[in-house]
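Colleague: Predicted coordinates and the sequence they were generated for:
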Amino acid sequence: MRISDLLAICYRNLTRRKLRTALTAFGVVIGVCSILVMISIGIGLERYYDDMLASWGDLTMITVNDYSGKGALDDATVAKIQAIPGVEIATPFYQPWDLGLQFKTKDGRYVASPQIYGVYPAALEKMGFELKEGKYLHDGDKPYSLVVGENFAYRFRDTKRKGDKSRVDPYPDPVTGKIKDPFVDIKKDKFILFAPAQKENGKDLEVTPVFSGVLKKNDANWETSEGVFMDINELKDLVKKYNKLNGLPQKKTITYEEVRVKCVEMDQVAAIQKEIEDMGLSCWSMESNRQAMQEQARMIQLVLGGLAAISLFVAAIGIANTMVMSIIERTREIGIMKVIGAEVGNIRTLFLMEAGMIGLIGGVVGVILSYGVSYLLNYFAGGFFGAGGQISVIPLWLVLFALAFSILVGVLFGFLPANRAVKISALEAIKHD
């Protein structure tokens, strides 16, 4: 028997008892819709957690520290970290605390003491630091090129004023609502980057900085507000020059307190972090918090999905009941099919196709209904939930899974009735009223 014949018979049999078929399929509709909506809420919750963590910091970033004083975090160690598969870039955040670098204008009136970090030139762009204007650091830039935070200019204080008047804050005035301009303009004014001598007979270190770019402020990275970034090799060179000017000993090996590691994918963070920890270093990332939140979201998904699956199980029993009733009503028809030469496999396939078709119809309508329910949930409750205003998220893979699962449920619960149909004796079936 051809597939087209089986489909034609299947369609005729399902439409013969329209109300029964509709009621049976409606049970599948409720079950599929319940599962989709419940799981979609769990997915929305998981995305909400990820978005919340992302607002706290980069989920692909690992911070490596060494406060032991053993000198384990040096250039050789950074190179080993960089060689780990899945690492986008690893860079020190080098701060020579004993250098005391400061900025001042040419006339010396305005002075600032910001946090200055030595990094690899390619690090800022690869780590996702967004530029507000200018350009990132690159190899071959002018000597002492700098990229500064958005509010760097507000770090300068007026040495001729005292108290609150010596500083300008980058916040709106409570009366006028306007933000005052800083004392300096990094585009027009001339500056000196200097380190004051620590001894009476020592000499100040002075160089002329070049402001290459300004970073866009990001609350997840406070350095983008008032921090200063420069090529780590130039910063090391300043340390050497300063030590030479002041007769201080030169360090043979420079070690770092902090190295930041940018991973290519978020899912690689845990494995990379473990490999770094195996080197004897301390690590911190959002991954531990993310895993705990994801575990909570999966648990909620499991509970909600389990509750919804009960309704689909009830619908599956309805499919089995419908198929049994259909076999009883069509016993004579089955006998005639056997007498005219229909194969046992064709009869079984026919009933399985009918059960699977009920599952498919219920699945398709259930998916459509679930999109409607998801829209209403997001419209009325999404604003209180986050995740881009989505409390319910239905990805394509979940739709395909729901359709496949509804067909599978129909076929599985139609299997026993189909086997019962093929076991009916042809002669007894023909005599059946």
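Modeller: Perfect, thanks for sending it.
Colleague: Can you pull up the most central residue in this structure?
Modeller: The C-alpha lying nearest the average C-alpha coordinate of the chain belongs to residue 50 (C-alpha atoms, centre = their mean; 5.3 Å).
Colleague: doesn't residue 290 make contact with that one?
Modeller: Yes. Between residue 50 and residue 290 a contact is recorded at 6.9 Å, counting by C-beta atoms under 8 Å. Where C-beta positions appear, they are placed from N, C-alpha and C, glycine not excepted.
Colleague: could you measure the residue nearest to the centre of the chain against residue 199, distance?
Modeller: Going from residue 50 to residue 199 by C-beta to C-beta, to the nearest Å gives 53 Å.
Colleague: ok, now residue 208?
Modeller: Distance of residue 208 to residue 199, computed by C-beta to C-beta: 24 Å.
Colleague: got it, and residue 356?
Modeller: Residue 356 is 88 Å from residue 199, by C-beta to C-beta.
Colleague: In terms of neighbours, single out the busier of residue 208 and residue 199.
Modeller: Comparing residue 208 with residue 199 by other C-beta atoms under 10 Å, the one with more neighbours is residue 208, at 12 against 9.
Colleague: give the contact list for the more buried one.
Modeller: 144, 190, 191, 192, 193 (C-beta atoms under 8 Å, 6 or more residues apart in numbering).
Colleague: leaving aside the residues next to it on the chain, what's closest to residue 276?
Modeller: Distances taken as C-beta to C-beta, 6 or more residues apart in numbering place residue 283 nearest to residue 276, at 5.2 Å, with adjacent residues excluded.
Colleague: can you pull the buried residues of whichever strand or helix holds that neighbour?
Modeller: Taking DSSP states H and E as the criterion, the element that holds residue 283 is strand 282-285. Across strand 282-285, burial judged by 16 or more other C-beta atoms under 10 Å covers 283, 285.
Colleague: Give the burial count for residue 36, as a bare number.
Modeller: As a burial measure, residue 36 scores 26 neighbours (other C-beta under 10 Å).
Colleague: what do you get for the one 4 residues further on?
Modeller: Residue 40: 26 surrounding residues under other C-beta under 10 Å.
Colleague: Which is the succeeding secondary structure element to the strand or helix carrying it?
Modeller: Assigned by DSSP H and E, residue 40 belongs to helix 18-56. For helix 18-56, the following helix or strand on the C-terminal side (DSSP H and E) is strand 61-65.
Colleague: Partner strands of that following strand and their direction?
Modeller: Strand pairing for strand 61-65, determined by DSSP bridges: strand 258-263 (antiparallel), strand 282-285 (antiparallel).
Colleague: which residues are contacting the first one?
Modeller: Pointing back at strand 258-263 there. For strand 258-263, contacts defined as C-beta under 8 Å, 6+ apart pick out 58, 60-65, 73, 77-78, 81, 86-93, 95, 123, 126-128, 269, 272, 276.
Colleague: Stretch 170-182 too?
Modeller: Stretch 170-182 is contacted from outside by 151, 153, 154, 156, 168, 169, using C-beta under 8 Å, 6+ apart.
Colleague: which one of those sits closest to residue 100?
Modeller: Closest approach between the contacts of stretch 170-182 and residue 100, by C-beta to C-beta: residue 156, at 16.5 Å.
Colleague: Look at the closest one and say how many residues are nearby.
Modeller: Other residues within reach of residue 156, judged by other C-beta under 10 Å, total 25.
Colleague: What values do phi and psi take at it?
Modeller: Per-residue torsions, residue 156: phi -70, psi 140 (degrees, to the nearest 10).
Colleague: doesn't residue 184 make contact with it?
Modeller: Yes. Using C-beta under 8 Å, residue 156 makes contact with residue 184 at a distance of 5.0 Å.
Colleague: any shared contact partners between the two?
Modeller: Common neighbours of residue 156 and residue 184, using C-beta under 8 Å, 6+ apart, are 105, 110.
Colleague: Let me know the pLDDT of the nearest residue to residue 203 once chain neighbours are set aside.
Modeller: Nearest residue to residue 203, sequence neighbours excluded (C-beta to C-beta, 6+ apart): residue 245, at 4.3 Å. Reported pLDDT at residue 245 in the predicted model: 88.
Colleague: same question, residue 19
Modeller: Reported pLDDT for residue 19: 79.
Colleague: ok, how many other residues are close to it?
Modeller: Applying other C-beta under 10 Å, I find that residue 19 has 7 neighbouring residues.
Colleague: how about the strands in the stretch 151-300 of the chain?
Modeller: Taking DSSP state E, counting those that start in this stretch as the test, the strands found in the stretch 151-300 of the chain are 157-158, 191-195, 205-207, 210-215, 228-231, 258-263, 282-285.
Colleague: Show me the contact partners of the helix or strand containing residue 78.
Modeller: According to DSSP H and E, residue 78 maps onto helix 75-82. Residues outside helix 75-82 that contact it (C-beta under 8 Å, 6+ apart): 64, 87, 89-92, 254, 256, 259, 261, 276, 279, 281.
Colleague: Would you write a PyMOL line that selects the buried entries of those?
Modeller: Selection of buried members from the contacts of helix 75-82 for PyMOL, criterion 16+ other C-beta under 10 Å:
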select buried, resi 64+87+89+90+91+92+254+256+259+261+276+281
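Colleague: Format the contacts of helix 75-82 as a markdown table; extra columns: distance to residue 119 and pLDDT.
Modeller: Converted to a markdown table, the contacts of helix 75-82 look like this (distance: C-beta to C-beta, whole Å; pLDDT from 0 to 100):
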| residue | distance to residue 119 | pLDDT |
| --- | --- | --- |
| 64 | 14 | 92 |
| 87 | 15 | 94 |
| 89 | 10 | 94 |
| 90 | 11 | 95 |
| 91 | 5 | 95 |
| 92 | 7 | 94 |
| 254 | 14 | 86 |
| 256 | 11 | 89 |
| 259 | 10 | 94 |
| 261 | 13 | 95 |
| 276 | 18 | 91 |
| 279 | 21 | 86 |
| 281 | 18 | 87 |
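Colleague: Would you point out the most distant pair within the contacts of helix 75-82?
Modeller: Largest pairwise distance in the contacts of helix 75-82, by C-beta to C-beta, is 21.3 Å, between 87 and 254.
Colleague: about what we covered before: state the number of residues packed around the residue nearest to residue 203.
Modeller: By other C-beta under 10 Å, 15 other residues sit near residue 245.
Colleague: how close does residue 235 get to residue 112?
Modeller: Remark: distance between residue 235 and residue 112 (C-beta to C-beta) = 17 Å.
Colleague: what's the next helix or strand after the helix holding residue 78 packed up against?
Modeller: With elements assigned by DSSP H and E, the helix or strand that comes after helix 75-82 is strand 87-92. The contact analysis (3 or more C-beta pairs under 8 Å, 6 or more residues apart in numbering; DSSP states H and E) places strand 87-92 against helix 75-82, strand 116-119, helix 123-126, strand 258-263.
Colleague: Appreciated, that's everything.
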